[in-house]
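Engineer: No letters, just coordinates:
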DNA sequence: AGTATGACGTTTT
DNA sequence: AAAAACGCCATAC
């Protein structure tokens, strides 16, 4: 696998998008694909991560599945990803579940749902 | 140009 | 709730 990625526009945009994910937040594969211009290319995103996340020094651990779950299998990166997420204050249960309502990154500056409940309590 | 391979996603069992 | 069945896509070779 490992070669000279970043050649196609898609790959470049995927890398850009992943770099933008803030600490303490997560994004889904499909979300990244959409930001790169093709909402249906989630698998392509996965491929890029798999092949070049190390060389690009990407925050790969902040990318998870659409249902808020770590996609890596046990013994194949699951534990490592879980640790790295926890280190940023992201709650991950034993099954690898993460609450997207709380931790999903919103590129447009939209606040997570949990903040809305705070807003309401102040009215 | 055609086939195989995933860190995927959605719908249906 | 969990898994299978499909569908979809970028890359590698």
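Structural biologist: Arrived safely, thanks for sending. Note that this is a predicted model, so its numbers are computed, not measured.
Engineer: Get me the contact residues on chain A for DNA strand C.
Structural biologist: The interface of chain A toward DNA strand C, taken as Cβ under 7 Å from any atom of the strand, is made up of A:1, A:3, A:5, A:7-8, A:10-11, A:38, A:40-44, A:47-48, A:51. Placement of C-beta: from N, CA and C, glycine included.
Engineer: Of those, which pair is most distant in space?
Structural biologist: A:3 and A:40 (24.1 Å; Cβ to Cβ).
Engineer: Of the residues of chain A next to DNA strand C, just the buried ones, PyMOL syntax please.
Structural biologist: To isolate the buried members of these in PyMOL, using 16 or more other Cβ atoms under 10 Å:
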select buried, chain A and resi 5+10+11+41+42+44+48
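Engineer: Now do the spatially closest residue to residue A:80 that is not a sequence neighbour: how many residues are near it, please.
Structural biologist: For residue A:80, ignoring the flanking residues on the chain, the nearest one in space by Cβ to Cβ, 6 or more residues apart in numbering is residue A:61 at 7.5 Å. Neighbour count for residue A:61, taken as other Cβ atoms under 10 Å: 23.
Engineer: same check, this time on residue A:27
Structural biologist: Around residue A:27 there are 25 residues (other Cβ under 10 Å).
Engineer: residues touching it, list them.
Structural biologist: A:17-18, A:21, A:62-64, A:104-105 (Cβ atoms under 8 Å, 6 or more residues apart in numbering).
Engineer: rerun that using 7 Å as the cut-off
Structural biologist: A:21, A:62-63, A:104-105 (Cβ atoms under 7 Å, 6 or more residues apart in numbering).
Engineer: so it, which of the three states?
Structural biologist: Three-state call for residue A:27 (DSSP: H, G, I helix; E, B strand; the rest coil): strand.
Engineer: what separates it from residue A:102, distance-wise?
Structural biologist: 14 Å (Cβ to Cβ, to the nearest Å).
Engineer: residues near residue A:20, how many?
Structural biologist: Neighbour tally, residue A:20, other Cβ under 10 Å: 14.
Engineer: got a pLDDT number for it?
Structural biologist: Note on residue A:20: pLDDT of 97.
Engineer: burial measure for residue A:102, as a count.
Structural biologist: 15.
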